[in-house]
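In: Quick check, what structure comes out for this input:
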Amino acid sequence: MKIESHAPARVDLAGGTIDIWPLYLFHERAVTVNFALNLKARCRIAARSDGRFVLHSIDTGERAEFESLEPLRTTPALRLLARLIYFFRPGSGLEMTTDSSVPSGAGLAGSSALNIAICTALNRMTGERYSREALISIARNVEAQVIDVPTGEQDYYPAAYGGLQALHFSPAGVRREPLDVDLDRLSRRLVLVYSGQQRNSGINNWDVMKRHIDGDTAIHRAFEGIIAAAGNLLESLRRGAFDGIDEALGEEWANRQLLSAGILTPEIDEIIAMARSYGARSAKICGAGGGGCLVLSVPEGRRQDIETRLRERGVQVLDYSIAREGVSLEIG
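Out: Sure, this is the predicted structure:
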């Protein structure tokens, strides 16, 4: 049996970081808004008759082979791939190859998209024992084992479902609200650029989370501002009032910078200033900050012009569209 899966990355428009358990339990009306990207992570699996497990990451160039399942639990080699295979415990050996069109360290949840792609392929190979929601839980929990810090909730939903969504957090858990808006029109209002700087979300998020739990009132206030911005963005999208995106993104970014001094870098600040000079209205970092991608809101009809101007100045603009579908499978 041969299985290939593809899962989209995401752009978080507002409300990121608050999706990490238990941060959202300390705030009312916690919500994150994000959408799936056509930039995808891929996983290919082929069964082997010799009982061996062969893992290969095209992106990193790493390759590892194991004679049995048990070493996958503790190996430092290709830890995410190994831990997921160990969890699903396929009845035969396999060869797994992964790659991604998501820039490394971009803040676009490329690792979470890859996680969902792998989980979906392994679930199919082992008899589809788990629902889509269960796979999200498995992906989140295994990734936490791999990176050794808590993971958020939001990154797995665009990979699993695609489209644009709001994720509402409460003691009852996570509730996904699909948002029925004109996705082509929305994408015409947003530019996505890569700063060229990689970032480590686990480190940034862990520092912010610890300070919040330790009672840092400034962090608490910043999250209240982030949640308010996400709520305003959600209402604007529900009404189709896309001009409200500009203010909401700006509000989110202003409060996000209060979380840590390392979120804004000189390179990111320069790109934002340049984009504003060309007509962009607001901007925010994708993911935890300290590098990675920026999403810029631009006036209707100006996306192509602003992208061209930024490229002429050497800025890496990502050619993207909003992915309407989540993870997909091909069986060969």
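
In: Beta-bridge partners for Asp12, please?
Out: Asn34 (DSSP bridges).

In: what does the domain assignment say about the chain?
Out: As assigned by automatic domain parsing, the chain contains the domains 2-179+324-331, 183-317.

In: could you pull out the helices for the protein?
Out: 79-88, 110-125, 132-147, 156-161, 183-188, 201-213, 217-239, 244-256, 266-277, 303-312 (DSSP state H).

In: before we move on, back to that, could you dump the domains of the chain into TSV with mean pLDDT and mean neighbour count added?
Out: C-beta coordinates here come from the backbone N, C-alpha and C atoms, glycine included. Output for the domains of the chain, formatted as TSV (pLDDT from 0 to 100; neighbours: other C-beta atoms under 10 Å):
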stretch	mean pLDDT	mean neighbour count
domain 2-179+324-331	96	20
domain 183-317	92	18
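
In: Kindly provide the distance from Gly240 to Glu62.
Out: As judged by C-beta to C-beta, to the nearest Å, Gly240 and Glu62 stand 46 Å apart.

In: Kindly report the same for Glu224.
Out: On the measure of C-beta to C-beta, Glu224 and Glu62 end up 42 Å apart.

In: quick one: which of the helices of the chain is nearest Phe169?
Out: Closest of these to Phe169 is helix 217-239, at 9.6 Å (criterion: C-beta to C-beta).

In: and that closest one, how far out from the chain's middle?
Out: 19 Å (C-alpha atoms, centre = their mean, to the nearest Å).

In: contacting residues around it?
Out: 13-18, 23, 26-27, 29-33, 164, 166, 179, 181, 186, 208, 211-212, 242-245, 247-249, 251-252, 254-256, 258-259 (C-beta atoms under 8 Å, 6 or more residues apart in numbering).

In: So for this protein, the centremost residue is which one?
Out: The residue lying closest to the centre of the chain (C-alpha atoms, centre = their mean) is Ala109, at 2.5 Å.

In: List the residues that contact that residue.
Out: Contact analysis of Ala109 by C-beta under 8 Å, 6+ apart lists Ala9, Arg10, Asp12, Gln154, Asp155, Pro158, Ala159, Gly287.

In: go on, Ile136?
Out: The neighbours of Ile136, taking C-beta under 8 Å, 6+ apart as the test, are Ile116, Tyr156, Tyr157, Ala160.

In: Which two of those residues have the greatest separation?
Out: Using C-beta to C-beta, the two most remote members of those are Ile116 and Tyr157, lying 9.2 Å apart.

In: How about Ile331, nearest residue that isn't a chain neighbour?
Out: Setting aside the residues directly before and after it, Ile331 is nearest to Ile3 in space (C-beta to C-beta, 6 or more residues apart in numbering), at 5.9 Å.

In: With Ile245 instead?
Out: Leaving aside its sequence neighbours, Ile245 sits nearest to Ser297 (C-beta to C-beta, 6+ apart; 5.0 Å).

In: State the distance from Ala82 to Ala160.
Out: Going from Ala82 to Ala160 by C-beta to C-beta gives 22 Å.

In: now swap in Ser92 and tell me
Out: Counting by C-beta to C-beta, the gap from Ser92 to Ala160 is 26 Å.

In: do Ile227 as well
Out: According to C-beta to C-beta, Ile227 and Ala160 sit 23 Å apart.

In: Repeat that for Phe35.
Out: 13 Å.

In: Using PDB, list the CA coordinates for stretch 1-14.
Out: The C-alpha coordinates for stretch 1-14 follow below in PDB (Å, rounded to 0.1, in the frame of the first residue of the first chain):
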ATOM      1  CA  MET A   1       0.000   0.000   0.000                       C
ATOM      2  CA  LYS A   2       1.200   3.500  -0.800                       C
ATOM      3  CA  ILE A   3      -0.400   6.600   0.800                       C
ATOM      4  CA  GLU A   4       0.200  10.300   0.200                       C
ATOM      5  CA  SER A   5      -1.300  13.100   2.200                       C
ATOM      6  CA  HIS A   6      -1.200  16.900   1.900                       C
ATOM      7  CA  ALA A   7      -2.100  19.400   4.600                       C
ATOM      8  CA  PRO A   8      -2.100  23.200   4.400                       C
ATOM      9  CA  ALA A   9      -0.200  25.600   6.600                       C
ATOM     10  CA  ARG A  10      -2.000  28.600   8.100                       C
ATOM     11  CA  VAL A  11      -1.900  32.400   8.700                       C
ATOM     12  CA  ASP A  12      -3.100  33.500  12.100                       C
ATOM     13  CA  LEU A  13      -4.900  36.800  11.700                       C
ATOM     14  CA  ALA A  14      -5.600  37.500  15.400                       C
END
